[in-house]
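Undergrad: below are the sequence and a predicted model for it; my questions follow.
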Amino acid sequence: MRTIPAIAALALGLSLTLTACGNDDEPADTTTSVSATEHNDADVAFATDMIQHHAQALTMVEMTEGRELDPAVEGLADDIRAAQAPEIEAMTGWLAQWGEDIPKTFHDTSSKSSASEMDQMDMQGMDSGMPGMMSADDMEALANASDAKFQDMWLEMMIEHHEGAVEMAESEKTNGQYKPAVELADNVVESQTAEIEMMQGLVS
């Protein structure tokens, strides 16, 4: 005859076994735990790359000045400037706080550097392999485009640029540790996905 403690022990063992089996079917959580103060290499890479990525977007926004554009496109360009300039400042501050190198870009040094220095910095960003970055030839073609072709060319390039930014931000959301950086990445995904949909509707 089994005693009550023996039955209880058997039931406990069965419960633990079923729990272990159930956990085997659950997907592992691969998202890095976020911290309000700590950061990791993914955060550094995200801030370093996104500063350059945003800087190119701001350069493209400046190319719209003086062009005959749909008011919706003009408004979009203003929105991009309003969102991404402060984000560059925030990410620059993080890198400084972490003691990391702050990338120089064509956009923020164009008034202070020689033409050769600007070309070198611009090419470093464009040749970095970041998704969505335009090449030097792409940027030159956009700058030289006729008014009739400029708007659609700008929209198509900015769509590709935004898609690259979303890809980078999704990686930060998965791998980043620093909470403000992960939150910025989440905002990039949300805002730029909406802008992609808007731009797709504006292309002729």
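TA: Looks like it came in fine.
Undergrad: state the distance from residue 75 to residue 64.
TA: Applying C-beta to C-beta, to the nearest Å, the value for residue 75 to residue 64 is 11 Å. Where you see a C-beta, it was placed from the backbone N, CA and C, and this is true even at glycine.
Undergrad: where does this protein dip in pLDDT?
TA: The chain contains residues with pLDDT under 70 at 1-31, 106-128.
Undergrad: can you pull out the strands in it?
TA: Assigned by DSSP state E, the strands in the chain number zero.
Undergrad: so what's the closest residue to residue 164 other than its chain neighbours up against?
TA: Spatial nearest neighbour of residue 164, chain neighbours left out: residue 132 (1.7 Å); criterion: C-beta to C-beta, 6 or more residues apart in numbering. Residues near residue 132 by C-beta atoms under 8 Å, 6 or more residues apart in numbering: 53, 160-165, 167-168.
Undergrad: likewise residue 68?
TA: Residue 68 makes contact with residue 147, according to C-beta under 8 Å, 6+ apart.
Undergrad: again, only using 10 Å
TA: Residue 68 makes contact with 74, 147-148, 150-151, according to C-beta atoms under 10 Å, 6 or more residues apart in numbering.
Undergrad: now, the most widely separated pair of those residues?
TA: 74 and 148 (16.8 Å; C-beta to C-beta).
Undergrad: neighbour-wise, which of these two wins?
TA: Set side by side, residue 74 and residue 148 show more neighbours around residue 74, with 14 against 8, by other C-beta atoms under 10 Å.
Undergrad: which residues does the residue nearest to the more buried one when sequence neighbours are not counted contact?
TA: Excluding the flanking residues, the one nearest residue 74 by C-beta to C-beta, 6+ apart is residue 64, at 6.8 Å. Shown in contact with residue 64 (C-beta under 10 Å, 6+ apart): 73-74, 76-78, 80-81, 142, 150-151, 154, 158.
Undergrad: list just the nearest of those to residue 58.
TA: residue 81 (6.2 Å).
Undergrad: how close does that closest one sit to residue 45?
TA: As judged by C-beta to C-beta, residue 81 and residue 45 stand 25 Å apart.
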